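Q: sharing a model that was predicted from the sequence below.
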Amino acid sequence: MFVTDHVAFLFQKLHPDLINFMNLVDSMNSAQAISELNKIRSAVDLQSSAWENERDEVLNEVYLLNRFINLMGSYSATWMNIAGSKFADSWYSLQDSLDHLRSIKKFSSGTGIRLIDFLENQLIELEKLYPYNVFFSMGARVDLFECSICGKDIDSLECEHIKGELYRGKLAYGTAKGIGSIDHVAMVKHPQDKRCVVKYEDDGPQFEPVRYLAHLLTSKTMNPLSFNHLKFSKRREKNPDFKKLPRNDVCFCGSGKKFKKCCIDKEFLEFDHIDIVPREIDKVIEGGVTSLFLDGQTIGKFGTYLHQVYA
Amino acid sequence: MNMADNSDKQGHGQEFPRLHFLDDKETCEMAVVDDPDFQSFLRAGIVGLKFVPRPYHSCEEKLMSPNAGDFSKWLDRNHPEINLTIDKGDGTLVLRSSDFWLPLVFLASDVALPIYLNLVSNYLYDRMKGALRNEKPRVHLEAVFHDKQEGVSKKFSYEGDAEGLQKAIKKFDLNRFLDE
């Protein structure tokens, strides 16, 4: 994940604290997890402040390390919000986590740690549990986007910076200048920002699947790191309102139609069903959370081990 | 793409932003066009590509599409051999969409449509670094070019994902192969 000696060494040094933090998240110990993360953040700030004059690669990896720590923070907030029945807020912290993950994937070098793959798989699955499928996106006219690094028009060839790239540890982005009138608001499936949703109330029926997950967490049936994936299926259940009537009688549902032309085939109804499938790998791999901080190659060995155990 | 528009004004004469509904539809169309601006472009003997601003929905001003600036810089860095002319227009369109909205492009005789589509495909690949594994890039593009065989100008419009774009590129390559 890190290739410069400076940041790779610092990250290695932080491993015990990061593992401790993840264990605190897994045991839903919110206050201690926040305190542990603040400790890690302070250590990174202190160390990186001495590297201000280092080469570009070091500063860019400091940015990456900070994104990683922010990911830890929003990941923890996601699970704590779910457990605390703050479902609308948990959507926002989940989106923060996914944004951090995109950045980490983009700027990482060398062999990635298994945690990133694990979080990507887990959070993509978790996202499916939410009721949001349509998002809002606005259309507007602006004069230009000012580059965060040089202040020139970031879309012009005069500006040598590329939007979304790092320059000495700073991200280049454009700030809209001369915003004209908003032309429209669109409902889209692929927005730039998935936080732009019609917000549902935390106690609304839309959050029923997330509420069930919260119940699993608070009843200690499942830990955050155990959440693996979802299995969507259809389930047939007996219709409690169904009444078997002679074919030519008026239907029980009140439509006024004959039973044979209305609800005759509705004795059983099909419902959407979601199974929350837990992760079992830690039953075999000793070390649990520690294994998530190993690199891909080491995990390959564990993979073989798993295969041998089950063969 | 645009399925329905609400009215611009909703009571008391107050103007509200219009509401659009966008979906995942994939379109790949080729149409004969008679575009005076493209004819002027051809007569001027310009080589390479020209980015052209255009009105968008209710905006009367000619706007450059959201990804035009980034795409122009990518072309400048990765394909400096291609001459690029940009008509900036009256501003830039902002859509807050994760799709790639490329500008209307005029192609001179030295840049064939399959070459341009390959450039777009490479640009998308570069810009999707860091995408999560369930995210597929979607692109909206339009290119006007002169079909020498038929002696007419044509506009190619595409809206869909990168895989569909690859299929379109293969189709054009096959057609060219059969023509030769």
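A: In hand now; what should we look at? No experiment lies behind these values; they were computed from the predicted model shown.

Q: check contacts around the closest residue to chain A within chain B.
A: The nearest approach of chain B to chain A comes at B:Gly69, 2.2 Å away (CB to the nearest CB). All C-beta spots, glycine's among them, are computed from the backbone N, C-alpha and C. Neighbouring residues of B:Gly69 by CB atoms under 8 Å, 6 or more residues apart in numbering or on different chains: A:145, A:153-156, B:92.

Q: buried ones among the residues you listed?
A: The neighbour count (16 or more other CB atoms under 10 Å in any protein chain shown) marks A:145, A:153-155, B:92 as buried among those.

Q: TSV for the contacts of B:Gly69, including pLDDT and secondary structure?
A: As requested, those are exported to TSV (pLDDT from 0 to 100; DSSP: H, G, I helix; E, B strand; the rest coil):
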residue	pLDDT	secondary structure
A:Phe145	93	strand
A:Asp153	94	strand
A:Ile154	94	coil
A:Asp155	91	coil
A:Ser156	90	coil
B:Thr92	86	strand
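
Q: got a list of what the nearest residue in space to A:Arg102 that is not next to it in sequence touches?
A: Nearest residue to A:Arg102, sequence neighbours excluded (CB to CB, 6 or more residues apart in numbering or on different chains): B:Gly130, at 4.6 Å. B:Gly130 sits next to A:102-107 when contact means CB under 8 Å, 6+ apart.

Q: can you give me the buried ones in stretch B:125-133?
A: Residues B:Arg127 are the ones in stretch B:125-133 that count as buried (16+ other CB under 10 Å).

Q: quick one: end-to-end distance for it.
A: 13 Å (CA to CA, to the nearest Å).

Q: now it: mean pLDDT?
A: Summarised as a single mean, pLDDT over stretch B:125-133 is 91.

Q: again with stretch A:238-253
A: For stretch A:238-253, the per-residue pLDDT averages 93.

Q: enumerate the positions of that stretch that are buried.
A: For stretch A:238-253, by 16+ other CB under 10 Å, it's A:245, A:251.

Q: what separates that stretch from the chain centre, distance-wise?
A: Distance, stretch centre to chain centre, for stretch A:238-253: 46 Å (CA atoms, centre = their mean, to the nearest Å).

Q: and what of stretch A:168-187?
A: Its chain's average C-alpha position is 24 Å from that of stretch A:168-187, according to CA atoms, centre = their mean.

Q: that stretch near chain B anywhere?
A: Yes. For stretch A:168-187 and chain B, the contact criterion (CB under 8 Å from any CB of the partner chain) is met by A:176, A:178, A:180, A:182-187.

Q: for the residue nearest to A:Arg102, helix, strand, or coil?
A: coil (DSSP: H, G, I helix; E, B strand; the rest coil).

Q: same question, A:Ser109
A: Secondary structure state of A:Ser109, per three-state DSSP, is coil.

Q: again with B:Glu60
A: Secondary structure, three-state DSSP: B:Glu60 is strand.

Q: burial of it, as a residue count?
A: 8 (other CB atoms under 10 Å in any protein chain shown).

Q: ok, now A:Asn133?
A: Using other CB under 10 Å, A:Asn133 has 7 neighbouring residues.

Q: residues in contact with residue 160?
A: Here I'm looking at chain A. With contact taken as CB under 8 Å, 6+ apart, A:Glu160 is in contact with A:Cys150.

Q: nope, chain B
A: Counting by CB under 8 Å, 6+ apart, B:Gly160 touches B:26-28, B:138-139.

Q: name the nearest of the residues you listed relative to A:Ile82.
A: When these are compared for distance to A:Ile82 (CB to CB), B:Arg138 wins out at 30.2 Å.

Q: what are the phi and psi values for the closest one?
A: Main-chain torsions, B:Arg138, degrees, to the nearest 10: phi -110, psi 140.

Q: against B:Pro137, how distant is the residue lying closest to it once chain neighbours are set aside?
A: Nearest residue to B:Arg138, sequence neighbours excluded (CB to CB, 6+ apart): B:Asp99, at 4.3 Å. Separation of B:Asp99 from B:Pro137 (CB to CB, to the nearest Å): 8 Å.

Q: does B:Phe41 touch B:Leu49 like I think?
A: No. B:Phe41 lies out of contact with B:Leu49 (CB atoms under 8 Å); the separation is 10.2 Å.

Q: give the contact list for the residue in chain A that chain B sits nearest to.
A: Proximity of chain A to chain B (CB to the nearest CB) peaks at A:Asp155, 2.2 Å away. Neighbour list for A:Asp155: A:144-145, A:174, B:64, B:68-70, B:72-73, B:92 [criterion: CB under 8 Å, 6+ apart].

Q: quick one: which of these is nearest A:Val44?
A: Nearest to A:Val44 among those, counting by CB to CB, is A:Gly174 at 27.6 Å.

Q: what about that closest one, neighbour count?
A: Close neighbours of A:Gly174, defined as other CB under 10 Å, add up to 22.

Q: pretty sure it sits against A:Asp143.
A: No. Counting by CB under 8 Å, A:Asp143 is not a contact partner of A:Gly174; they are 11.5 Å apart.

Q: max pairwise distance over the buried ones among the contacts of B:Gly69: which two?
A: Counting by CB to CB, the most remote pair of those is A:Ile154 and B:Thr92, 10.3 Å apart.

Q: find residues that contact each of the two.
A: The contact sets of A:Ile154 and B:Thr92 overlap at A:144-145, B:69 (CB under 8 Å, 6+ apart).

Q: please enumerate the strands of chain B.
A: Secondary structure of chain B (DSSP state E): strands located at B:2-5, B:18-22, B:27-33, B:49-52, B:54-56, B:59-63, B:84-86, B:92-94, B:100-107, B:138-147, B:152-161.

Q: tell me the most buried of those strands?
A: Ranked by mean neighbour count, those are led by strand B:92-94 with a mean of 25 (mean count of other CB atoms under 10 Å in any protein chain shown).

Q: which ones are touching residue 93?
A: If you meant another chain, say so; for now it's chain A. A:74-75, A:77-78, A:81.

Q: actually it's chain B I care about, not the one you picked
A: A:139-141, B:56, B:59, B:63-66, B:101.

Q: which residues does it bridge with?
A: Beta-bridge partners recorded for B:Leu93 (DSSP bridges): A:Arg141.

Q: noted, bye for now.
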